[in-house]
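**Q** here are the coordinates; sequence isn't available:
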Ligand SMILES: O=P(O)(O)OC[C@H]1O[C@H](OP(=O)(O)OP(=O)(O)O)[C@H](O)[C@@H]1O
């Protein structure tokens, strides 16, 4: 079967994790002086988009995230624009494994004309479970905003999956609202990998 053939081309989970950690530390991470979305200044910056929008990076992220999506979820959703490739990639990875899981994009503000909606995508039945995806969690504000939009639209949201937890209070803020945060990596892991002179994995394709 074609879908099984494509799936077999992908490495196992521990290999995927090492490959993605190498890619994030080499391509997404920067040391310097940066202003974060919260306004806070930090020496450590992680921009996941060059990884999540690369063909090999998106395959790694999508398959690792899919492992964490709740079994009962009808869709994955995320706040534009960091989550746009993530929800699309996870929906496609799910299809290739024979699972129906659609993608929803949450707008930062409702569309000003036409549908006037905050949500884009094939809307699941009201009351369906939706797993939220994020690229980076810092304060958790963006994840909580997207969660509110989805809950107001009639969906159950209890789990958020992020590529990187910056370990700056976001997890606590999210858990305070009764949600679970699953992170593929912490910022400290990425910094350690970026500073590891023995790190031998080179990002190639
Ligand atoms: O946990 P928080 O403090 O909310 O920070 C994390 C958010 O910040 C980044 O988005 P950004 O605001 O840079 O917008 P963009 O994805 O549209 O570039 C990132 O993609 C998260 O959505």
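**A** Alright, I've got the coordinates. None of the values given here were measured: they were computed from a predicted structure. Residues are numbered from 1 along each chain as shown.

**Q** quick one: the helices in this protein?
**A** Assignment of helices within the chain using DSSP state H yields the ranges 2-9, 13-23, 49-52, 55-68, 84-96, 141-152, 170-176, 187-195.

**Q** how about the second one: buried residues?
**A** When neighbours are counted by 16 or more other C-beta atoms under 10 Å, the buried residues of helix 13-23 are found to be 16, 19, 20, 21, 22, 23. To be clear about C-beta, it is placed using only N, CA and C from the backbone, and glycine gets the same treatment.

**Q** with respect to residue 74, which of these is nearest?
**A** residue 16 (25.0 Å; C-beta to C-beta).

**Q** apart from its chain neighbours, what residue comes closest to the closest one?
**A** residue 60 (5.0 Å; C-beta to C-beta, 6 or more residues apart in numbering).

**Q** just give me the neighbour total for residue 84.
**A** Residues contacting residue 84 under the criterion other C-beta atoms under 10 Å number 19.

**Q** could you list the residues of this structure in contact with the ligand?
**A** Applying the criterion C-beta under 6 Å from any ligand atom, the portion of the chain that neighbours the ligand consists of 37-38, 79, 81-82, 134-142, 170.

**Q** sort out which of the residues you listed are buried, if you could.
**A** Looks like the residues of the chain next to the ligand have 79, 82, 134, 135, 136, 137, 138, 139, 140, 142, 170 buried, using 16+ other C-beta under 10 Å.

**Q** so where's this structure uncertain?
**A** Along the chain, the model assigns pLDDT under 70 to residues 1-11, 200-205.

**Q** can you tell me which residues contact the residue of it found nearest the ligand?
**A** The minimum distance from the chain to the ligand, using C-beta to the nearest ligand atom, falls at residue 82 (2.8 Å). With contact taken as C-beta atoms under 8 Å, 6 or more residues apart in numbering, residue 82 is in contact with 48, 49, 52, 134, 135, 136, 142.

**Q** what's the answer for residue 189, then?
**A** Taking C-beta under 8 Å, 6+ apart as the definition of contact, the neighbours of residue 189 are residue 21.

**Q** can you offset everything so residue one is 22?
**A** In the new numbering, first residue 22, that becomes residue 210.

**Q** burial of residue 92, as a residue count?
**A** Tallying neighbours of residue 92 according to other C-beta under 10 Å, which is how burial is gauged here, yields 6.

**Q** for the residue of the chain closest to the ligand, grab phi and psi.
**A** According to degrees, to the nearest 10, the main-chain angles of residue 103 amount to phi -60, psi -30.

**Q** give the closest residue to residue 146 in space, chain neighbours not counted.
**A** residue 95 (7.2 Å).

**Q** can you pull the contacts of the one you found?
**A** Taking C-beta under 8 Å, 6+ apart as the test, what residue 95 contacts is 122, 123, 145, 146, 149, 150, 151.

**Q** got the phi/psi numbers for residue 121?
**A** Main-chain dihedrals, residue 121, degrees, to the nearest 10: phi -90, psi 110.
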